[in-house]
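Participant: When you get a sec, could you give me coordinates for this:
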Amino acid sequence: MTPAARPPSMRLASCLLFSASACLCAPALAQEQPAGAAETPATMGLSAAAPRADARIFEPTYFEQFAPRSALDMVSQIPGFSIDDGNDGQRGLGEANQNVIVNGERFSSKSDSVRDQLRRIPAGDVVRIEILDGNALDIPGLSGQVANIVYVNTGTSGQFRWRGGFRAHNTEAQLYGGEISLTGSRGDLDYTLALSNDNNRFGADGPSLITDASGAVIEEQFSKVSGKFDNPKLSAIFAYDFGADTVANLNLSYGEDYFSRKEPEIGVSPDGLVRERDASREEDGPEYEIGADIQFPFGPGTLKLIGLERFERDNFSSTVIDRFNDGRGDAGSRFTQVNEAGERIGRLEYGWKMWGGDWQISGEAAFNRLNRTSRLFELAPAGGFTEIAFPAGNGGVTEDRYEAILSFSRQITPKLSLQATGGAEYSKIEQTGVAANSRSFQRPKGSFSLAWKPEDDLDISVELRRRVGQLSFGDFLASVSINDDNANGGNNELQPDQSWNVALQVNKGLGEWGSATFELEQVWYEDFIDFFPLPDGGEARGNIGSAERTQIELNTTLKMDPLGWDGARFEVRGIRRWDNVNDPFVGRRRPFSGRFTDLLDVNFRHDILGTDWAWGGGLFTDNRANYSRRFETGRDYEGPTFANLFVEHKDVFGLTVNASYGNILGARNKFERVVFDGPRPNANIVFAEKLDRRIGPIFRFSVSGNF
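Facilitator: Got it, this is the predicted structure:
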């Protein structure tokens, strides 16, 4: 509900747009292209990139009923397939962890998501989409179903998407969301330029009740939340073909965050005392990424060199002021923080064929850094804020990490393939400030996976993987949340979690009914990270020991055409988790703090055949476990169920127009907690809080087109 946000640098925008001007001036399963069919611009010259025999092929004709504008629109309609952005806390660039590739290559940008990059590929340039087993590819790290987008740049084209809307309560209108992109080529140079703004407006209002241990009312409150974020960003991708199988890519992006949240509150005590609170949060700051890679033949194989530089500065401030009606002075606090985080990566990948398989050796050096300056203030009786010493919130953290991995993949039989990787990483973590420290670690990494295709419409894969998690450097240093009256201590002994992951994926075609994917995953964690008690009586994020998680997921596309309801389909995704870890505060096993335990996401779409109209809706619900801290436990969630309806016309003067009505079941924003006067579980209850805010209906509109 409260992601961060970003405004563009006009100087950089002008430079990149000038560069673009210079370039311009100087089925169940879809059927194969029928024999003898005329070639289109998108299929000319592609005989060397013939589809694999073991792939499910989706031709552009399969997607015609959806009138797609981009490759993203097409991938989103593949039965039983869901895009995985790979947001699993992977360290550095690492091996491939996304389930979408383009022309047989993985995405290398970390700032732009898979969906962002697919949205910029015009649908008219897509030759076909292949659904493959990741083991069958020579890209280490891929397993299970993978979508390969095969496309060619057929000339200069542009796309735009405007997204706006409003809510009935507590928010201003959302007017400036969307993206405009330009894709083209000049000789051997292909380019894509995009200007986007990922934004939202949010709000809620309602009562909360504060009671003591016996249930007696301490205070009745009414609060109203309103907020917004904007993330304008300019991105550019350049690809150059030098010939002789030598290709280079350059990725550039620059953006800025703008985020604000206001939460005025009125509290009334049983004795008539009225408290008025003004609470606000502000964040802003720039971010950029520069990434480049080049791939060329070298000896018996192919060498790829990759470099990446990322940086982000976040300027954060939070202010809370309470005013009372009994003549006492105002009370309040202010907390400010400046975070400067950066990442620099160098990576090489060398692949070759030997002993009937594909081999690759990769090496990566990553240098991560965080510099933080925190300041804490208290409202003085005479007015104005007086600074309080807060040395634990200042300092820096760096990590120098080196990794080497050897991988091998092979098609053992026409129906069975394997992939194995093995290696290790070395990292050195150093911290400056009042809790200066330096440590180094060596950890093994690797995986083994098998994929079996006993039938044309059945794929089964199993994978065993050893993972090393990513750290949040902010957990090394102290911070405070003044609105919730919480403080996080720093922990200079924090280290990444490690895990053993076993995953089974089964993909079954359902013929004319659609497709289904079933996944089962078991994870055993070491050095699991959550809140733990500090010796000084506080709490911090730290390693609390072993943990485990079991998860099952079903992703199904059901088409209604066999029932005579042509063009109608349901997308159903359900997840159930069983996880447990030993609570360091009470010594009992419990679910992971604040994580969801089950999820159901159902979407329906009906493209009315013979017309340009489509309509549908969706339903989403999930349950979350309580969070656990030293002095409190509680749950922060929204629901219980969100539902929406939409209507779409695919040709309004050549544009696609979509309107939706969201939250039609009246899901609400809820928060509940119990706060103790000392460490749990033996301390006395100070108060219990229950909050129940109205979100209200949400109306959204989008217009997309090509130029």
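Participant: How far away from the center of its chain is stretch 486-496?
Facilitator: Centroid displacement of stretch 486-496 relative to its chain, using Cα atoms, centre = their mean, to the nearest Å, is 24 Å.
Participant: Endpoints of it, how far apart?
Facilitator: Between the start and the finish of stretch 486-496 there is a gap of 24 Å, counting by Cα to Cα, to the nearest Å.
Participant: Is the closest residue in space to L464 that isn't next to it in sequence within a helix or a strand, and which one?
Facilitator: Here the nearest residue to L464 in space, its sequence neighbours aside, is F448; by Cβ to Cβ, 6 or more residues apart in numbering that works out to 5.0 Å. In this view, the C-beta of every residue, glycine as well, is placed from N, C-alpha and C. F448 is part of strand 437-455 when elements are defined by DSSP states H and E.
Participant: Just the pLDDT at Q117, thanks.
Facilitator: You'll see Q117 listed with a pLDDT of 86.
Participant: any idea how far G383 is from the residue located most distally from the centre of the chain?
Facilitator: No residue in the chain has its C-alpha farther from the mean C-alpha position than G327, which lies at 48.5 Å (Cα atoms, centre = their mean). Going from G327 to G383 by Cβ to Cβ, to the nearest Å gives 15 Å.
Participant: Check F58 too.
Facilitator: Per Cβ to Cβ, F58 is found 66 Å from G383.
Participant: Would you map the helices across the stretch 301-450 of the chain?
Facilitator: Taking DSSP state H, counting those that start in this stretch as the test, none of the stretch 301-450 of the chain falls into helices.
Participant: actually the stretch 451-600 of the chain, sorry about that
Facilitator: Applying DSSP H, counting those that start in this stretch to the stretch 451-600 of the chain gives no helices.
Participant: how deep is P122 tucked in, by neighbour count?
Facilitator: Residues within reach of P122, counting by other Cβ atoms under 10 Å, total 22.
Participant: Please read the previous query as pertaining to D457.
Facilitator: D457 is surrounded by 15 other residues when neighbours are defined as other Cβ under 10 Å.
Participant: Quick check on it: phi, psi?
Facilitator: phi -110, psi 20 (degrees, to the nearest 10).
Participant: just checking, it touches E512?
Facilitator: No: using Cβ atoms under 8 Å, D457 makes no contact with E512, being 11.5 Å away.
Participant: picking that back up, ok, now how distant is the residue farthest from the centre of the chain from A568?
Facilitator: Using Cβ to Cβ, one gets 66 Å for the distance from G327 to A568.
Participant: ditto for S70
Facilitator: Between S70 and A568 the computed distance is 23 Å (Cβ to Cβ).
Participant: what about these two, which has more around it?
Facilitator: Between S70 and A568, counted using other Cβ under 10 Å, the more crowded position is S70 (23 against 20).
Participant: Please look at the more buried one and G124 and confirm they touch.
Facilitator: No: distance between S70 and G124: 9.7 Å, which falls outside the contact criterion (Cβ under 8 Å).
Participant: quick one, what contacts A478?
Facilitator: Applying Cβ atoms under 8 Å, 6 or more residues apart in numbering to A478 gives the contacts 374, 390, 392-393, 487-490, 540.
Participant: Select from those the one having the most neighbours.
Facilitator: With neighbours set by other Cβ under 10 Å, the maximum within those is found at G490, which has 27 neighbours.
Participant: Surely N135 is in a strand?
Facilitator: No: with DSSP: H, G, I helix; E, B strand; the rest coil as the criterion, N135 is helix rather than part of a strand.
Participant: Now do it against L416, distance only.
Facilitator: In terms of Cβ to Cβ, N135 sits 9 Å off from L416.
Participant: G446 now?
Facilitator: When Cβ to Cβ is applied, the distance between G446 and L416 equals 20 Å.
Participant: cool, and V152?
Facilitator: The separation that V152 has from L416, given Cβ to Cβ, amounts to 33 Å.
Participant: Compare the two (neighbour count), which wins?
Facilitator: Regarding V152 and L416, a neighbour count based on other Cβ under 10 Å identifies V152 as having more, with 17 against 14.
Participant: Does that one touch P122 like I think?
Facilitator: No: counting by Cβ under 8 Å, no contact exists between V152 and P122, whose distance comes to 10.7 Å.
Participant: quick check, A53 in a strand?
Facilitator: No: with three-state DSSP as the criterion, A53 is located in coil rather than a strand.
Participant: Report pLDDT for it.
Facilitator: Reading off the per-residue confidence, A53 sits at a pLDDT of 71.
Participant: same check, this time on the one 10 residues further on
Facilitator: Residue-level confidence at F63 comes out at 93, pLDDT.
Participant: Let me see the contact set for E349.
Facilitator: 303-304, 306, 360-362 are the contacts of E349 under Cβ under 8 Å, 6+ apart.
Participant: Kindly indicate which of these lies nearest R334.
Facilitator: Using Cβ to Cβ, I306 comes nearest to R334 of these, at 42.8 Å.
Participant: Mind listing the residues bridging to that closest one?
Facilitator: Here I306 sits in beta bridges with D293, R347, as judged by DSSP bridges.
Participant: Would you agree it is in contact with G363?
Facilitator: No: using Cβ under 8 Å, I306 is not in contact with G363, being 10.7 Å away.
Participant: Quickly list what's touching both of those two.
Facilitator: Between them, I306 and G363 share the neighbouring residues 347-348, with contact defined by Cβ under 8 Å, 6+ apart.
Participant: and for N135 and L416, which residues touch both?
Facilitator: Where contact means Cβ under 8 Å, 6+ apart, the residues bridging N135 and L416 through contact with each are 450-451.
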